[in-house]
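Colleague: structure, please.
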Amino acid sequence: MTILVTGATGTVGRHLVRQLAEAGHPVRALTRNPAAANMPPGVEVVAGDLTDPDALAAAFTDVTGLHLITFGGDAGEALTTGPQLVALATKAGVRRVSVLSGWEESSVEVALRGADIGWTLLAPKEFMSSALEWAGMVREGAIRVLANWPSAVVHEADIAAVAATALTEDGHAEQTYVITGPHALTSAERTRLIGEAIGREVTFDQLNEDQERERLQSYGYPDDYVEFGIQLATNPPPQAGVVEPTVEQVTGRPARTFAQWAAEHADAFR
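Modeller: Just a heads-up that it's a prediction; the model follows:
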């Protein structure tokens, strides 16, 4: 069974390609830049762009499992090519599809609901890798942000593990899996764990709204993005801190902790 992984060089895609390949499954990795893909041995790398489905017929040949992302292009905008991608999957004889969903339903999910394919939607909460945005501040010794609410951050490898299970085992069709880590952690708690991973103290300084606005503006973000960031920091989604047992229920093993993630990425913060 050949499994086509789109977004193969992404944060989740790399983990998924590796996990499937290590389990002995034939994997085809779709990327816009094959020369820079750096995939594991034995993985077939093909060029392609989900915004140009007319050029993807060869990539879908003999594929029976498919992992889809819902965004594409240089700006990472939501895909509008869902119907064409699902048509390609149907023609190829794809039996199982996992979809890395975003905050809003895309054309991919809409098209899959009307197709005769076993789909599984992956709805992860905040990625642990969002902490990489703090790397510069960590090197200066303090994380200074406004948001300090509990978030059930999830390891990207666990998202991939849920996808791999859905793509290779029965019983996951027409399921939407909300995926979280094992703990809901505040920014201050994650700061402490990053400090432990790199072997030195990192302090957490909570900014006020004006300071956070100034910080975001210093990165050149447009005003609407800045104000969205302020609203998110002060009024988080109520479900953000809810821990779900999905990873263990689907994969049979506990979800990875943020301490594990921080240890794996310690060099990025040094």
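Colleague: all helices of the stretch 151-270 of the chain, in order?
Modeller: 156-168, 187-198, 209-218, 223-234, 246-251, 258-264, 266-269 (DSSP state H, counting those that start in this stretch).
Colleague: mind giving me the packing neighbours of the longest one?
Modeller: Under the contact definition 3 or more CB pairs under 8 Å, 6 or more residues apart in numbering; DSSP states H and E, helix 156-168 sits against helix 11-22, strand 63-69, strand 96-100, strand 118-124, strand 175-179, helix 246-251. Every residue, glycine included, has its C-beta placed from N, CA and C.
Colleague: rewinding a little: pick the most buried one from the helices of the stretch 151-270 of the chain.
Modeller: Neighbour counts (mean count of other CB atoms under 10 Å) averaged over each of the helices of the stretch 151-270 of the chain peak at helix 156-168, with a mean of 24.
Colleague: averaged pLDDT, that helix. What do you get?
Modeller: Mean pLDDT, helix 156-168: 98.
Colleague: the closest residue to G118 other than its chain neighbours and V97, how far apart?
Modeller: Spatial nearest neighbour of G118, excluding adjacent residues (CB to CB, 6 or more residues apart in numbering): A173 at 3.3 Å. Here A173 is placed at a distance of 9 Å from V97 (CB to CB, to the nearest Å).
Colleague: same thing with V242?
Modeller: On the measure of CB to CB, V242 and V97 end up 26 Å apart.
Colleague: next one: H172
Modeller: H172 is 10 Å from V97, by CB to CB.
Colleague: and for these two, which residues touch both?
Modeller: 118, 120 (CB atoms under 8 Å, 6 or more residues apart in numbering).
Colleague: could the helices and strands packed on helix 156-168 go into a markdown table alongside distance to L79?
Modeller: As requested, these are exported to a markdown table (distance: least, CB to CB, whole Å):
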| stretch | distance to L79 |
| --- | --- |
| helix 11-22 | 15 |
| strand 63-69 | 8 |
| strand 96-100 | 11 |
| strand 118-124 | 14 |
| strand 175-179 | 18 |
| helix 246-251 | 24 |
